[in-house]
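In: Dropping the sequence and predicted coords here.
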Amino acid sequence: MADDHEDCGGKDVMTLGPILEDGARPYVRHRPGCGIETGFAKPAVDGQPVGLSDSVIQLDHESNGIYNVKTLYERPRTTDGPPQVSTEAFRSGWDRIFSTKQTVGQA
């Protein structure tokens, strides 16, 4: 497959492996711009939610086990690290809980 798409053009293509016991299939996806992604693909089931990191794609057979990929829905990628909270109430609560040692009163 690398020979077929060696120029890393604008095509988004995927090859699928065998169907596993849970209905998933391993895949290798060659994204536009030479990005390579691997994972497991499963058919979407009507009425079931999409997983937290899942995309919804449509595959159209091209040739020799290669499929053209059309992305119907892709979850936005988040940045690494903790969430950025910018409210003053959060900051003051954080300092109160996690700052230096506090004096504990007697009950």
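Out: Cool, got the structure.
In: count of neighbours near His30?
Out: 22 (other Cβ atoms under 10 Å). Every residue, glycine included, has its C-beta placed from N, CA and C.
In: same check, this time on Ser63
Out: Ser63: 8 surrounding residues under other Cβ under 10 Å.
In: Ile97: what secondary structure?
Out: What DSSP: H, G, I helix; E, B strand; the rest coil gives for Ile97 is helix.
In: Just the pLDDT at it, thanks.
Out: On pLDDT, Ile97 comes in at 73.
In: Repeat that for the one 3 residues further on.
Out: The confidence metric pLDDT takes the value 66 at Thr100.
In: Phe40 too?
Out: On the pLDDT scale, Phe40 gets 92.
In: What part of the chain, helix or strand, is modelled with the least confidence?
Out: helix 88-98 (a mean of 71; mean pLDDT, DSSP states H and E).
In: measure stretch 44-56 end to end?
Out: Using Cα to Cα, to the nearest Å, the end-to-end distance of stretch 44-56 comes to 8 Å.
In: That concludes my questions; thank you for your assistance.
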